[in-house]
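Novice: Got a predicted structure plus its sequence, pasted below:
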Amino acid sequence: MNKILALALNTTREAIRNRVLYSIIAFAILMVGISAIFGSASIGDQTRYIKDFSLMSISLFGVIIAVTLGVNLLHQELSKKTILNTLSKPVARWQFLLGKFFGLLLTLSAVILGMALGLGAFLTLLEGRFDSAILVVAFASLLEITVVIAFAMFFSSLVVTPTLAGMFTIGCFIAGRSTQYLDYFVAQGSSTIVQVITQILDAILPRLDYFLIGDRLVHGDTISAANLLYLVGYAAAYSSVLLLVAAGLFSRREFK
Amino acid sequence: MENILEINDLCKDYRSDWTFRPTRVLSSLGFSIRRGECFGLLGPNGAGKTTTFKLILGFLRPTSGTILFDGRPLTAAAREGIGFLPEHPYFYEYLSVDETLELFATLYGIGRAHRRKRIDEVVERVGLGHKRRASLRSLSKGLMQRVGVAQAILNRPRLLVLDEPMSGLDPVGRRQMRELIREIRDQGTSVIFSSHILPDAEALCERVGILTSGQLREVIELADHAHADHFEIAVRSVNGTVRGALERLEGVSVIEREGIQIVHLPGQELVDRAIDVIREKHGSIQSITPRFTSLEERFLHHVGR
């Protein structure tokens, strides 16, 4: 456990010292700022507009950071050969992979929390009260990002180039966000083959749309603790399966 | 068990990414490292030295053959007793010397209570005390090599694997590295290092293995190597009878050089017999010269140049 923690903290340190991370965060803050400007000019509920746009920005930029850093984690270790030093120690490859995963998750937790608290503070100035729903939405975004990081690790273990791993990860993210539309094909009563393909895709693809709770909370709805717990369980289970397969693939890999 | 590492009939094939055709890069490799010895794996570039080390450390899987460390197959846990310095010691450049050693000490499973003390010891031992807080990207090649050695000996390894440890070092750096390796070996750690710099191997090793084209050609005991392996006797007044009698001894050849017959003897056991023959036939011995085949000559013989 100590070894995984040490690798995770090192991954976090690497991310913190990576300029790409700051560029993306700066851009995310810029987007939130723009939303505030547009929000103040909008007719109707100004803060709701800001919340909608800002929470979407936090989620989207979280995913961008997860994909950008996630697919490069293993690639950089391999191309710079730093992995040889680490794996020459009594460290199993699955421990290395988990260390990288948790390190990036820790980084993104800090980034998402920071941006959510920043947004919360800004809205407190406008509304005069802190809206805790922002933190719940940010937490759901983080759960979705957990699955995206697991996909990035999985594809990094499978393919050699980070570009390809990134494209596959983004593809799975888009497919996961759109899984709800598969129900449409089932409801339409399409041909048997389409139905079978739809059912297979429905079983394999992640239901990332489950994590999109921002709309509901911004419009005053609530989310039960049981529902939130289900989301935690779903993200943990889906990520675990991906990481298990990734660890299997990674343990077979040779470092020439 | 006398040997810390045993490699038996080790083969490695690489497969082409496109045609999947195998290319053999290591062929029936077999040697062992004795406890406390320094073993040099010598060979030209592309001989298979780094591939051998990658197999020892589990970065590659053998196509066939076995590697035993302390009598047991190598696993991730067994690497607790091994230290490794790669050819180009790439580390996380965003870390400082201290942070790097802290990370690797944790990965070696050194408990928090002993970690700091051990880091202090190795930092002093490799002479990095003044650079502890320096970022790795600011260090010279020589200092990076010292960080490499420091991280490799953190765990007090029973076997130290050094891939081209003198590579890229200036003469002073090479000398310091040699002294460091000797000191580590003298404290009981078995060392295997690869090199194509023969004087380094001669200065440090008890034995060397010559590897070319993925095959181990010869293992040489450098202690034996200090003894002459052939002799030359210069003889005057040699008539046809003496020359004929000498040439009847197995492996002996005679050539004439400036009026003197040079008798070439391939082993010490023939010297007494040749002297007896010469005296019997009333020849006059001018000199007996022991001859050595240098490590370089043997190396070049195997390399084929």
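Specialist: Structure's in. What do you need?
Novice: wait, doesn't A:T161 sit right on A:N72?
Specialist: No. Between A:T161 and A:N72 there is no contact under CB atoms under 8 Å: 10.7 Å. From N, CA and C alone the C-beta is placed, and that goes for glycine too.
Novice: more neighbours, those two?
Specialist: A:N72 (19 against 11; other CB atoms under 10 Å in any protein chain shown).
Novice: which residues sit in contact with the closest residue to the more buried one other than its chain neighbours?
Specialist: If the residues on either side of it in the chain are set aside, A:N72 comes closest to A:P162, at 5.2 Å by CB to CB, 6 or more residues apart in numbering or on different chains. Under the criterion of CB atoms under 8 Å, 6 or more residues apart in numbering or on different chains, the neighbours of A:P162 are A:71-72, A:75, A:156.
Novice: Just the pLDDT at A:P162, thanks.
Specialist: What the model reports as pLDDT for A:P162 is 90.
Novice: What residues does chain A have near chain B?
Specialist: A:2-3, A:6-7, A:10, A:13-14, A:17, A:80-82, A:84-93, A:254-256 (CB under 8 Å from any CB of the partner chain).
Novice: Selection in ChimeraX covering whichever of those residues are buried, please.
Specialist: Buried residues within the residues of chain A next to chain B, by 16 or more other CB atoms under 10 Å in any protein chain shown, are selected in ChimeraX with:
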select /A:3,6,7,10,13,14,82,84,85,86,87,88,89,90,91,92,93
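Novice: Inside strands: which ones of the residues of chain A next to chain B?
Specialist: With strands defined by DSSP state E, no entry of the residues of chain A next to chain B lies inside them.
Novice: give me the residue from the stretch 151-300 of chain B nearest chain A.
Specialist: B:Q151 (6.9 Å; CB to the nearest CB).
Novice: That residue: what's its closest spatial neighbour, skipping adjacent residues?
Specialist: B:F104 (4.5 Å).
Novice: Let me see the ranges of the helices in the stretch 51-200 of chain A.
Specialist: All helices of the stretch 51-200 of chain A, identified by DSSP state H, counting those that start in this stretch, fall at A:82-87, A:93-127, A:133-158, A:162-177, A:182-187, A:192-204.
Novice: Next, the buried residues of the last one.
Specialist: To tie it back to what came earlier, the one meant is helix A:192-204. Result for helix A:192-204 [16+ other CB under 10 Å]: buried residues A:T198.
Novice: Quick one: neighbours of the closest residue to chain B within the stretch 101-250 of chain A, just the number.
Specialist: Nearest residue of the stretch 101-250 of chain A to chain B (CB to the nearest CB) works out as A:V160 at 9.3 Å. By other CB under 10 Å, the residues close to A:V160 number 14.
Novice: measure it to A:A121 for me?
Specialist: Distance of A:V160 to A:A121, computed by CB to CB, to the nearest Å: 44 Å.
Novice: Over to B:T106?
Specialist: Taken as CB to CB, the span from B:T106 to A:A121 is 37 Å.
Novice: still on that earlier bit, and among the helices of the stretch 51-200 of chain A, the most buried is which?
Specialist: helix A:133-158 (a mean of 24; mean count of other CB atoms under 10 Å in any protein chain shown).
Novice: by contact count, what packs against that one?
Specialist: Using 3 or more CB pairs under 8 Å, 6 or more residues apart in numbering or on different chains; DSSP states H and E as the contact criterion, the elements in contact with helix A:133-158 are helix A:46-79, helix A:93-127, helix A:162-177, helix A:214-218, helix A:225-252.
Novice: What are the boundaries of the helices in chain B?
Specialist: For chain B, the helices defined by DSSP state H occupy B:49-56, B:97-107, B:112-125, B:141-153, B:171-186, B:198-204, B:222-225, B:240-247, B:269-280, B:295-303.
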